[in-house]
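**Q** Predicted coordinates and the sequence they were generated for:
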Amino acid sequence: MNRPQPNEYPIWAETYIHKVNQNIFELLEEQAISIPALFRRNKEKENYAYAENKWTVKEMLGHIIDCERIFAFRITCFSRNEKQPLPGFDENDYVANARFSERNYEDLIEEFATLRKANIYLFRSLNDEEIHRAGQASGREINVKSILFVTGGHIMHHVEILKERYHVV
């Protein structure tokens with residue numbers, strides 16, 4: 001599947017979409033394994049934040065889980081030809097209200113792994129027509145293909161931050 005064209009997504013999505021330089025389905029499946037492994041290797045840093053008022057590693061994982069759910073919901077809606085606009089979300093408010101710091105770290109890791117594996121069934125079930133359907137989310141038009149790329153690229157973005165600022169290995 002080719003990378004989405006700029007007319008298929010809003011400008012905010014470009015950062016994530018352009019990180020994906022491989023088959024999107026292979027990337028999504030690889031992340032189902034590599035992301036849990038990354039967080040498991042860094043358990044001792046689960047409560048670490050690189051600066052005051054920045055998310056901890058555990059909160060970053062929680063944010064990734066929230067976004068995985070939201071992106072999959074948008075894909076479901078738009079692939080099913082939903083015509084109603086979908087709301088946006090403020091990731092900082094979501095993390096602040098999620099109580100991730102109270103959650104078990106291993107449970108969060110398993111939650112992501114399970115969620116991604118389930119979402120792959122949805123993603124792989126989409127036909128060409130469904131992949132090109134679009135809808136409105138956060139006040140902007142975006143198609144299903146673009147959201148698939150955002151799903152993979154968003155995690156790549158956070159892995160870069162984890163490596164650069166949190167010094168995860």
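**A** Perfect, thanks for sending it. Numbers count the residues shown, from 1 in each chain.

**Q** can you give me the strands in this structure?
**A** In the chain, the strands defined using DSSP state E lie at 134-137, 140-143.

**Q** Remind me what the last one packs against, helices and strands.
**A** If I follow you right, that is strand 140-143. Secondary structure elements in contact with strand 140-143, counted by 3 or more C-beta pairs under 8 Å, 6 or more residues apart in numbering; DSSP states H and E, are helix 57-79, strand 134-137. From N, CA and C alone the C-beta is placed, and that goes for glycine too.

**Q** what's the answer for the first one, then?
**A** Contact partners of strand 134-137 among helices and strands, from 3+ C-beta pairs under 8 Å, 6+ apart: helix 57-79, strand 140-143.

**Q** ok, and what's touching it?
**A** Surrounding strand 134-137, the residues in contact under the criterion C-beta atoms under 8 Å, 6 or more residues apart in numbering are 8, 74, 77-78, 82-83, 85-88, 141-144.

**Q** one step back: hey, which of the helices and strands packed on strand 134-137 is tucked in deepest?
**A** helix 57-79 (a mean of 20; mean count of other C-beta atoms under 10 Å).

**Q** Please save the CA atoms from that helix in CSV.
**A** This file holds the C-alpha atoms of helix 57-79, laid out as CSV (Å, rounded to 0.1, in the frame of the first residue of the first chain):
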residue,chain,number,x,y,z
VAL,A,57,7.3,6.2,30.8
LYS,A,58,4.2,4.6,32.2
GLU,A,59,2.1,7.6,31.2
MET,A,60,3.6,7.5,27.7
LEU,A,61,2.6,3.9,27.4
GLY,A,62,-0.9,4.8,28.6
HIS,A,63,-1.0,7.6,26.0
ILE,A,64,0.0,5.1,23.3
ILE,A,65,-2.9,2.8,24.4
ASP,A,66,-5.4,5.7,24.3
CYS,A,67,-4.3,6.7,20.8
GLU,A,68,-4.4,3.1,19.6
ARG,A,69,-8.1,2.9,20.7
ILE,A,70,-9.0,6.2,19.2
PHE,A,71,-7.3,5.5,15.9
ALA,A,72,-9.0,2.1,15.7
PHE,A,73,-12.4,3.6,16.5
ARG,A,74,-11.9,6.2,13.7
ILE,A,75,-10.9,3.5,11.3
THR,A,76,-13.9,1.4,12.2
CYS,A,77,-16.3,4.4,11.8
PHE,A,78,-14.9,5.7,8.5
SER,A,79,-14.5,2.2,7.0
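
**Q** What is that helix packed up against?
**A** For helix 57-79, the elements it packs on are helix 24-41, helix 91-98, helix 105-125, strand 134-137, strand 140-143, helix 144-165, judged by 3+ C-beta pairs under 8 Å, 6+ apart.

**Q** Please consider this matter closed, and thank you.
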